[in-house]
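In: Based on what follows, work out the 3D shape:
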Amino acid sequence: MSCRQHVASRSLLVLALMGLSPGRGYAAGGSQLLARLCDEYWQGTLKAGPTTATSLGDHRYDSMLEDISPAGIELERRRLEETLARVRTVDERDLSSAERITRAALILELQNGLDGIACHFEDWVVDPLNGPQVGFMSLPDITAIRTPQHAADYVLRCRAMGPYLDQHIANLRRGLAAGRVAAHDQVRKVVEELDALLAQPVEKWALLLPLETEHPDWPAAAAAAATFRRDLTSAVREVVKPAFARYRAVLSREIMPVARPQDRAGLSFLPGGADCYRRQIRIQTSLDLTPDSLHQLGLEQVANFRRDLSELGLRALGTGDIAAIQKKLRGDTAMHFRTAGEVEAKASEALARARAAIPGWFGMLPKTPCEVKVMGLYEAPNSTVAYYRQPAPDGSRPGYYMINTYAPETRPRYEAEALAFHESIPGHHLQIAIAQELTGLPEFRKHLGTTAFVEGWALYTERLADEMGLYSSDLDRIGKLSYDAWRSCRLVVDTGLHAMGWSRQQAIDYMLENSVLAENNIVNEVDRYLSWPGQALAYKVGQLEILKLRDEGKRRLGARFDIKGFHDAVLRNGAVALPVLREQVEAYYAQVEVGK
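Out: Numbers count the residues shown, from 1 in each chain. Down below sits the predicted model:
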């Protein structure tokens with residue numbers, strides 16, 4: 001269901017923004033029921049996602065992992081379905097304009113959850129980027145162990161990894177029986193990750209990192225610490241490592257021999273794949289778009305990139321020939337980092353420069369800091385160039401700009417600034433930390449939302465950073481162009497893989513020809529799209545909508561257009577669906593016009 005059916009009218013939004021009443025009373029019952037349903041949904045979401053709860057500073061489920069059994073998934077499906085039916089009984093006429101936005105957002109989250117369950121990803125996805133062999137090792141980064149009870153819960157969670165992996169195996173076997181199986185290269189990469197993990201003594205596993213923190217304030221601190229060390233080491237050695245060994249054996253012996261080959265890697269080659277892809281497009285973009293229209297949009301955007309790269313390459317490198325520019329950028333060792341320390345230092349420097357500049361461009365600023373953090377070796381070889389990890393709302397953990405320093409000689413210097421601005425400030429950290437700190441919104445709207453908004457905002461800020469004077473040179477601006485092309489290629493490649501029968505190599509070749517990304521990054525990216533269908537579409541769709549809204553505001557308001565006001569209008573309601581974002585921003589423009 002499209003949230004267009006549930007957005008508030010422009011006139012009501014204008015009145016709400018002006019602090020005026022729409023001239024009629026609202027039944028308290030509708031508001032109270034909606035508030036109760038929002039809270040029930042959020043509490044149920046935390047219970048169903050224990051690690052998400054932990055990352056947000058909620059310790060109630062610290063001893064648990066997600067229930068991925070068929071019974072657990074069916075329980076979650078019923079919860080979402082029943083809540084959706086109840087939300088639809090709330091009459092929009094009984095709500096304020098702000099509450100109508102909340103109702104629409106809740107309906108969208110619930111429908112997206114149901115659509116995701118309908119795709120049965122648990123039956124076939126073997127994920128080298130976010131699978132348990134990576135996700136479990138990242139748990140120490142989101143787990144605050146302050147008391148002996150926290151420590152005991154963490155041990156129980158580690159012990160739960162054994163049954164979790166066994167259930168994951170059972171799901172993959174069930175999918176195999178139904179004709180759903182992962183693509184070969186995803187399985188191969190996960191097996192390689194498991195081989196590297198299992199080759200290490202458990203004392204070096206990231207799961208044991210909490211043992212490095214001392215807790216002198218614990219009662220009987222020495223004895224408690226010794227117990228924690230004994231129990232955690234035992235859990236990892238006796239439960240987690242054997243479970244990963246079982247997982248590795250099943251992948252190599254049962255899944256890999258029948259995994260889909262490179263020329264049948266996309267969703268279109270799975271039973272029900274076409275329907276699932278349509279659902280994923282709607283989930284990720286909040287719009288009812290077709291694969292063909294998205295593919296064509298990507299081709300148009302790539303053509304724009306090639307024109308702009310030729311012009312900028314002539315200025316920065318002395319040539320406008322695309323192939324020559326690509327050869328220079330990919331092949332010249334001077335264009336790449338030499339050490340991991342250089343990669344990290346450049347990330348920190350770009351973040352600091354952006355942090356100093358944002359007060360001139362934003363009225364709303366986050367209180368929570370953002371820090372650079374280097375990815376662990378358990379994930380870096382097959383991971384993307386970087387990602388953002390949101391802060392804990394209670395302030396116990398900052399936002400992290402997670403940077404990949406593995407094989408630094410493959411990391412281009414010219415892309416480092418655009419990458420930093422996207423993942424940290426003014427990109428993901430600014431938007432996500434502000435959303436978490438908003439008041440007057442139900443909790444789910446502070447922490448969840450539409451991917452096209454979240455990723456579209458971050459991509460928008462790569463271009464905004466140039467207006468802010470944050471890029472150091474034309475070479476760094478080529479990095480900005482490269483990253484914009486990367487997201488344009490995603491529209492072509494994701495639809496190509498999942499709706500048009502493209503092979504994995506065809507997708508890799510297209511991105512090599514139409515971006516200046518390093519080949520190792522392109523390969524990891526294509527494998528990411530295969531594991532996470534549709535997510536890659538969100539970036540350009542969201543960015544183009546934000547740019548369109550901004551251009552419309554400049555035409556509409558002329559000299560009264562204020563960039564701070566525009567940015568605040570975009571950010572002040574969290575990561576809403578794109579049709580709702582348009583309503584909000586147009587209402588802000590109407591408010592400015594009323595003040596003339």
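In: so what's the backbone phi/psi at residue 406?
Out: Backbone torsions for residue 406, taken as degrees, to the nearest 10, come to phi -70, psi 140.
In: so who does it touch?
Out: Contact analysis of residue 406 by CB atoms under 8 Å, 6 or more residues apart in numbering lists 340, 375, 377, 380, 381, 383. Using the backbone N, CA and C atoms, a C-beta is placed for each residue, glycine as well.
In: nearest residue to the first one other than its sequence neighbours?
Out: It refers to residue 340. The shortest distance from residue 340 to any non-neighbouring residue, by CB to CB, 6 or more residues apart in numbering, is to residue 405 (3.6 Å).
In: Now do that neighbour against residue 391, distance only.
Out: Using CB to CB, to the nearest Å, we find residue 405 at a distance of 22 Å from residue 391.
In: Can you tell me the element residue 44 falls in?
Out: Residue 44 is part of helix 28-48, with elements assigned from DSSP states H and E.
In: on contacts alone, who are the packing partners of that helix?
Out: Helix 28-48 makes packing contacts with helix 50-55, helix 70-87, helix 97-118, helix 443-447 when contacts are defined by 3 or more CB pairs under 8 Å, 6 or more residues apart in numbering; DSSP states H and E.
In: Make a markdown table from these and add mean pLDDT and mean neighbour count to it.
Out: Below are the helices and strands packed on helix 28-48 laid out as a markdown table (pLDDT from 0 to 100; neighbours: other CB atoms under 10 Å):
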| stretch | mean pLDDT | mean neighbour count |
| --- | --- | --- |
| helix 50-55 | 95 | 20 |
| helix 70-87 | 98 | 16 |
| helix 97-118 | 96 | 22 |
| helix 443-447 | 95 | 20 |
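In: Give me the buried positions along stretch 170-179.
Out: 170, 171, 172, 175, 176 (16 or more other CB atoms under 10 Å).
In: for the helix or strand hosting the second one, which positions count as buried?
Out: If I follow you right, that is residue 171. Element membership for residue 171 (DSSP H and E) is helix 148-177. Neighbour-count burial for helix 148-177 flags 148, 150-155, 157-162, 164-165, 167-172, 175-176 (criterion: 16+ other CB under 10 Å).
In: Burial check on residue 192, number of neighbours?
Out: Burial of residue 192 is recorded as 15 neighbouring residues (other CB atoms under 10 Å).
In: From residue 198, how far out is it?
Out: Residue 192 is 11 Å from residue 198, by CB to CB.
In: next one: residue 77
Out: For residue 77, the distance to residue 198 - CB to CB - is 35 Å.
In: Show the model's pLDDT score for the residue nearest to residue 248 when sequence neighbours are not counted.
Out: Among residues not flanking residue 248 along the chain, residue 194 sits closest, at 4.2 Å (CB to CB, 6+ apart). Predicted confidence (pLDDT) for residue 194: 97.
In: In helices, which of the contacts of residue 406 fall?
Out: residue 340 (DSSP state H).
In: Would you mind checking the contacts of residue 406 for buried ones?
Out: Buried, going by 16+ other CB under 10 Å: 340, 375, 380, 381, 383, out of these.
In: Rebuild those residues as CSV, extending it with distance to residue 97 and pLDDT.
Out: Shown next, in CSV, are the buried ones among the contacts of residue 406 (distance: CB to CB, whole Å; pLDDT from 0 to 100):
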residue, distance to residue 97, pLDDT
340, 51, 95
375, 43, 91
380, 46, 84
381, 49, 85
383, 42, 79
